[in-house]
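Engineer: model the structure of this input:
(chains A and B)
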Amino acid sequence: MNLSDNQLVDKHIEELSNAFKQDKKLTLTSLNLATNKFKPSGIATLMCALSNNSTVPINRLILNNNDFEVSKKTGSSGYY
Amino acid sequence: MLSCSRFLTHLSLASCGIGKEIMLALGEGLFKNTKLQVLNLRGNRVKMNGIKEFVRTCFQNGKLALKQIDFSQNQLCDQGGYLLCKGLKFISGLETLNFRGNTLSEESGDIVSLLVKENRSLLKVNLEMNLIKP
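Structural biologist: Have a look, this model is predicted:
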């Protein structure tokens, strides 16, 4: 699934992550989310959903051109 | 999260503004990872102080499956290149290494040469656009 070059933000990635948790028939193997507006916390949510789910076999994850600069207030990099 | 990822073999994080904090988290995440084969960190802000945890993982995770690593267009200096190569020699299946567009110079060139000799799986090393002189 290619969702690159959009204006998606963390709210959307949370919805996507919920879909992964709920739908056990997804057979996605590749997810391209390049050039959106995700922050580290959103990516952490996605990674968490993928790691705890054995039914969505995504083996290729592309997150190029997002903003992973960690805010010193949240320090959200620790989720990886 | 990377440590328990069952399927992920290809992770591309190019041009994401990744610095010390995310690199620390990535290093920790890879500590028990046995699946990831391709890691793309092109065009970030990775410096020597961000790679220590990654190097520690290379030393200690004997089952690390990385085959391709792309550190091109980062801010790796000679010391960073030296440190990375010290760790990378322990990744037994590493095939492709990209250091294009950093600020590596002679010392790194020497250690990369040594890495190529010691890590027999390496097939391709890109050192274009650094500061290495003949």
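
Engineer: isn't B:Lys32 right next to B:Asn61, touching?
Structural biologist: Yes - when contacts are counted by C-beta atoms under 8 Å, B:Lys32 is listed as touching B:Asn61 (6.7 Å). (C-beta placed from N, C-alpha, C; glycine too.)

Engineer: more neighbours: those two, which one.
Structural biologist: Summary of the neighbour comparison: B:Lys32 and B:Asn61, criterion other C-beta atoms under 10 Å in any protein chain shown, with B:Asn61 having more neighbours (19 against 15).

Engineer: what does the helix or strand bottoming out on mean pLDDT in chain B contact?
Structural biologist: The helix or strand of chain B with the lowest confidence, counting by mean pLDDT, DSSP states H and E, is helix B:106-118 at a mean of 88. For helix B:106-118, contacts defined as C-beta atoms under 8 Å, 6 or more residues apart in numbering or on different chains pick out B:78, B:81-82, B:85-86, B:88-89, B:97, B:99, B:104, B:122, B:125, B:127, B:130, B:132-133.

Engineer: could you pull up the contacting residues of B:Ala65?
Structural biologist: For B:Ala65, the set of contacting residues under the criterion of C-beta under 8 Å, 6+ apart consists of B:9, B:33-37, B:93.

Engineer: can you give me the strands in chain B?
Structural biologist: Taking DSSP state E as the test, the strands found in chain B are B:10-12, B:38-40, B:68-70, B:96-98, B:124-126.

Engineer: and the second one, which strands flank it?
Structural biologist: Read that as strand B:38-40. strand B:10-12 (parallel), strand B:68-70 (parallel) (DSSP bridges).

Engineer: how long is stretch B:58-73 from one end to the other?
Structural biologist: Looking at stretch B:58-73, the gap from its leading to its trailing residue is 21 Å under the measure C-alpha to C-alpha, to the nearest Å.

Engineer: likewise for stretch B:93-113?
Structural biologist: The first and final residues of stretch B:93-113 sit 17 Å from each other (C-alpha to C-alpha).

Engineer: report the buried residues of it.
Structural biologist: Taking 16 or more other C-beta atoms under 10 Å in any protein chain shown as the neighbour-count basis, stretch B:93-113 is seen to contain the buried residues B:94-104, B:108-109, B:111-112.

Engineer: what is the most widely separated pair among those?
Structural biologist: The widest separation within the buried residues of stretch B:93-113, taken as C-beta to C-beta, falls between B:Glu95 and B:Thr103 and amounts to 24.7 Å.

Engineer: the least confident helix or strand in chain A by mean pLDDT: how far from the chain's middle?
Structural biologist: Ranked by mean pLDDT, DSSP H and E, the weakest helix or strand in chain A is helix A:40-51, scoring a mean of 85. In terms of C-alpha atoms, centre = their mean, to the nearest Å, the gap separating the centre of helix A:40-51 from the centre of its chain is 5 Å.

Engineer: likewise for stretch A:21-28?
Structural biologist: The mean C-alpha position of stretch A:21-28 is separated from the chain mean by 15 Å, C-alpha atoms, centre = their mean.

Engineer: give me every residue that touches residue 17.
Structural biologist: No chain specified, so I'll use chain A. Remark: with contacts taken as C-beta under 8 Å, 6+ apart, A:Ser17 is in contact with A:45-46, A:48-49.

Engineer: meant chain B actually
Structural biologist: By C-beta under 8 Å, 6+ apart, B:Gly17 lies in contact with A:67-69, B:44-45.

Engineer: no further questions, thank you.
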